[in-house]
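Asker: predicted structure and sequence below. I'll ask about it afterward.
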Amino acid sequence: MTRSLDVASLDRIDTLAQELAMLQDRSKRRIAILGSRHVPVVSIHLVELVARSLAQEGHSLITSGAQGVNAAVIRSVLEIDPGKLTVLLPQSLDRQPVESRDQLEQVLHLVEKPEHDDLPLPMASSLCNQEIISRCDQLICYAFHDSETLLSSVRLAEDMGKVVSLMYFD
């Protein structure tokens with residue numbers, strides 16, 4: 001059987017229909033926001049605006065404890081409704097940078113992973129991102145084209161059938 005190149009497969013149409021239905025659904029979702037530690041200042045304001053808006057709409061947000069995008073999400077949601085925020089750390093709190101700890105100690109739903117303290121940070125971060133993705137309905141990711149850990153997380157989320165929005169800084 002031949003298939004025209006300009007007609008999407010039925011599987012892809014079904015996936016697209018499911019994603020559109022979820023985005024149009026007004027019920028509250030668990031939305032993960034992950035991103036790079038190194039972020040242009042203008043982009044931080046965009047991340048804060050998105051996180052704040054989602055929290056105001058009543059969605060629950062999940063992120064990690066890293067600087068940059070994740071710290072902007074934490075800061076924004078803490079201002080709106082601390083109960084709407086869950087932060088999963090790749091390792092225990094005392095392994096986090098000193099400049100992050102004050103903010104992280106304000107988080108009501110903070111999940112530490114002391115069992116990952118002996119792992120290299122990139123591996124612990126990858127495991128953390130996997131758990132975050134397993135807990136969410138939708139992933140918003142801000143990355144650079146060479147952000148291997150984040151792009152791997154995006155592929156995992158897509159493979160799990162999550163709605164994924166990927167935005168590049170470069």
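Answerer: Thanks, I have it.
Asker: shaky segments in this structure?
Answerer: 1-26 (pLDDT under 70).
Asker: and residue 168, its phi and psi?
Answerer: phi -100, psi 140 (degrees, to the nearest 10).
Asker: which residues touch it?
Answerer: 142, 143, 144, 145 (CB atoms under 8 Å, 6 or more residues apart in numbering). From N, CA and C alone the C-beta is placed, and that goes for glycine too.
Asker: go on, residue 31?
Answerer: 54, 59, 60, 61, 62, 136, 137, 138, 139, 140.
Asker: so the spatially most central residue of the chain, which state does it fall into?
Answerer: In the chain, the residue lying closest to the centroid (CA atoms, centre = their mean) is residue 33, at 2.5 Å. Three-state call for residue 33 (DSSP: H, G, I helix; E, B strand; the rest coil): strand.
Asker: now do residue 107
Answerer: coil.
Asker: quick one: it and residue 82 touch, right?
Answerer: Yes - under the criterion of CB atoms under 8 Å, residue 107 makes contact with residue 82 at 7.1 Å.
Asker: so for these two, which residue has more residues nearby?
Answerer: Under the neighbour definition other CB atoms under 10 Å, residue 107 and residue 82 were set side by side, and residue 107 has more, 19 against 14.
Asker: tell me where this protein has helices.
Answerer: 10-24, 41-56, 69-80, 98-104, 121-135, 148-159 (DSSP state H).
Asker: can you get me a residue count around residue 114?
Answerer: The number of residues packed near residue 114 is 12, by other CB under 10 Å.
Asker: got a markdown table for the helices of the chain, with distance to residue 87 and mean neighbour count too?
Answerer: Converted to a markdown table, these look like this (distance: least, CB to CB, whole Å; neighbours: other CB atoms under 10 Å):
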| stretch | distance to residue 87 | mean neighbour count |
| --- | --- | --- |
| helix 10-24 | 24 | 11 |
| helix 41-56 | 12 | 17 |
| helix 69-80 | 6 | 23 |
| helix 98-104 | 7 | 12 |
| helix 121-135 | 9 | 18 |
| helix 148-159 | 16 | 17 |
